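Asks: mind folding the following:
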Amino acid sequence: MRIEWRYRNDEDALLTVDEEGATALEVWEVDKALLSDFLNLMASLDTHGRRSIVDDGRRDPQEWGRLVIARSDDGDVLRVDPELYWDRVAHWFRTQGGDPNPWRRT
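Replies: Residues are numbered from 1 along each chain as shown. Predicted structure coming up:
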(Lines give C-alpha, C1' and ligand atoms only; values in the text may rest on other atoms or scores of the structure.)
Protein backbone atom coordinates (compact mmCIF):
# COMPACT_ATOMS: atom_id res chain seq x y z
CA MET A 1 0.00 0.00 0.00
CA ARG A 2 1.11 3.56 -0.58
CA ILE A 3 -0.17 7.07 -0.01
CA GLU A 4 -0.22 9.58 -2.83
CA TRP A 5 -0.64 13.35 -2.87
CA ARG A 6 -2.46 14.33 -6.05
CA TYR A 7 -3.46 17.67 -7.52
CA ARG A 8 -6.17 18.59 -10.02
CA ASN A 9 -8.01 21.83 -10.80
CA ASP A 10 -6.88 23.67 -7.66
CA GLU A 11 -7.81 20.70 -5.45
CA ASP A 12 -5.38 18.56 -3.50
CA ALA A 13 -6.12 15.09 -2.17
CA LEU A 14 -4.31 12.32 -0.31
CA LEU A 15 -5.09 8.82 -1.51
CA THR A 16 -4.42 5.43 -0.03
CA VAL A 17 -3.68 3.25 -3.06
CA ASP A 18 -3.38 -0.52 -3.33
CA GLU A 19 -0.05 -2.23 -4.00
CA GLU A 20 -0.64 -2.39 -7.75
CA GLY A 21 -1.37 1.35 -7.88
CA ALA A 22 -4.65 0.76 -9.67
CA THR A 23 -7.27 1.45 -7.00
CA ALA A 24 -7.81 4.35 -4.61
CA LEU A 25 -8.99 2.77 -1.38
CA GLU A 26 -9.52 5.99 0.58
CA VAL A 27 -9.28 9.66 -0.35
CA TRP A 28 -9.09 12.68 1.94
CA GLU A 29 -9.27 16.39 1.27
CA VAL A 30 -5.97 18.03 2.15
CA ASP A 31 -5.53 20.58 4.89
CA LYS A 32 -2.27 21.94 6.33
CA ALA A 33 -2.16 19.58 9.32
CA LEU A 34 -2.76 16.43 7.27
CA LEU A 35 -0.30 17.50 4.59
CA SER A 36 2.36 18.40 7.14
CA ASP A 37 2.05 14.96 8.77
CA PHE A 38 2.25 13.27 5.36
CA LEU A 39 5.39 15.20 4.42
CA ASN A 40 7.19 14.87 7.74
CA LEU A 41 6.23 11.93 9.90
CA MET A 42 4.02 9.29 8.32
CA ALA A 43 3.60 7.57 11.71
CA SER A 44 1.57 10.57 12.91
CA LEU A 45 -0.67 10.64 9.82
CA ASP A 46 -4.09 10.58 11.47
CA THR A 47 -6.95 9.89 9.08
CA HIS A 48 -9.24 8.09 11.55
CA GLY A 49 -11.36 11.16 12.31
CA ARG A 50 -11.73 12.03 8.63
CA ARG A 51 -14.35 10.75 6.25
CA SER A 52 -13.06 9.38 2.97
CA ILE A 53 -14.46 11.24 -0.04
CA VAL A 54 -13.87 8.42 -2.54
CA ASP A 55 -16.86 6.80 -4.18
CA ASP A 56 -17.06 3.76 -6.44
CA GLY A 57 -16.97 5.96 -9.54
CA ARG A 58 -13.59 7.51 -8.70
CA ARG A 59 -11.38 4.60 -7.71
CA ASP A 60 -8.77 5.24 -10.44
CA PRO A 61 -5.97 7.31 -8.85
CA GLN A 62 -5.45 9.17 -12.16
CA GLU A 63 -8.93 10.70 -11.78
CA TRP A 64 -7.66 12.61 -8.74
CA GLY A 65 -5.07 14.46 -10.82
CA ARG A 66 -1.33 14.61 -11.29
CA LEU A 67 0.88 12.76 -8.85
CA VAL A 68 2.77 15.19 -6.62
CA ILE A 69 4.51 12.61 -4.44
CA ALA A 70 3.96 8.97 -3.53
CA ARG A 71 5.21 7.40 -0.29
CA SER A 72 5.11 3.84 0.93
CA ASP A 73 3.11 3.19 4.07
CA ASP A 74 6.40 3.12 6.01
CA GLY A 75 7.38 6.57 4.69
CA ASP A 76 9.81 5.88 1.84
CA VAL A 77 9.47 8.29 -1.08
CA LEU A 78 8.55 6.25 -4.16
CA ARG A 79 8.00 8.98 -6.77
CA VAL A 80 7.95 12.75 -6.84
CA ASP A 81 7.33 15.43 -9.44
CA PRO A 82 9.80 18.08 -8.15
CA GLU A 83 8.30 21.06 -9.95
CA LEU A 84 4.73 20.25 -8.92
CA TYR A 85 5.86 19.36 -5.40
CA TRP A 86 7.48 22.75 -4.78
CA ASP A 87 4.58 24.55 -6.44
CA ARG A 88 2.10 22.90 -4.07
CA VAL A 89 4.35 23.40 -1.01
CA ALA A 90 4.49 27.08 -1.92
CA HIS A 91 0.70 27.17 -2.24
CA TRP A 92 0.04 25.52 1.12
CA PHE A 93 2.87 26.89 3.24
CA ARG A 94 5.34 29.41 1.76
CA THR A 95 2.81 31.98 0.51
CA GLN A 96 1.44 32.20 4.04
CA GLY A 97 4.83 32.53 5.70
CA GLY A 98 4.77 28.93 6.91
CA ASP A 99 6.88 25.85 6.54
CA PRO A 100 5.74 22.27 6.02
CA ASN A 101 8.07 21.12 8.80
CA PRO A 102 6.29 21.87 12.10
CA TRP A 103 9.52 21.65 14.10
CA ARG A 104 11.20 24.39 12.13
CA ARG A 105 10.54 27.82 13.57
CA THR A 106 11.54 31.14 12.05
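
Asks: who are the contact partners of the closest residue in space to Met1 that isn't next to it in sequence?
Replies: Of all residues not flanking Met1 in the chain, Asp73 sits nearest, at 4.8 Å (CB to CB, 6 or more residues apart in numbering). Every C-beta, even on glycine, is put in place using the N, C-alpha and C of the backbone. For Asp73, the contact set (CB atoms under 8 Å, 6 or more residues apart in numbering) comprises Met1, Arg2, Ile3, Met42.

Asks: restricted to strands, list those residues.
Replies: If you go by DSSP state E, the contacts of Asp73 have Arg2, Ile3 in strands.

Asks: can you put the contacts of Asp73 in CSV and add distance to Asp60?
Replies: Output for the contacts of Asp73, formatted as CSV (distance: CB to CB, whole Å):
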residue, distance to Asp60
Met1, 16
Arg2, 15
Ile3, 16
Met42, 24
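
Asks: just the buried subset of the contacts of Asp73, please.
Replies: Arg2, Ile3 (16 or more other CB atoms under 10 Å).

Asks: enumerate every residue touching the closest residue to Ser72 other than its chain neighbours.
Replies: Closest residue to Ser72 apart from its sequence neighbours, by CB to CB, 6+ apart: Arg2 at 5.3 Å. Neighbour list for Arg2: Thr16, Val17, Glu19, Gly21, Ala70, Arg71, Ser72, Asp73, Leu78 [criterion: CB under 8 Å, 6+ apart].

Asks: quick one: those residues as a markdown table, columns for secondary structure too.
Replies: Below are the contacts of Arg2 laid out as a markdown table (DSSP: H, G, I helix; E, B strand; the rest coil):
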| residue | secondary structure |
| --- | --- |
| Thr16 | strand |
| Val17 | strand |
| Glu19 | coil |
| Gly21 | coil |
| Ala70 | strand |
| Arg71 | strand |
| Ser72 | strand |
| Asp73 | coil |
| Leu78 | strand |
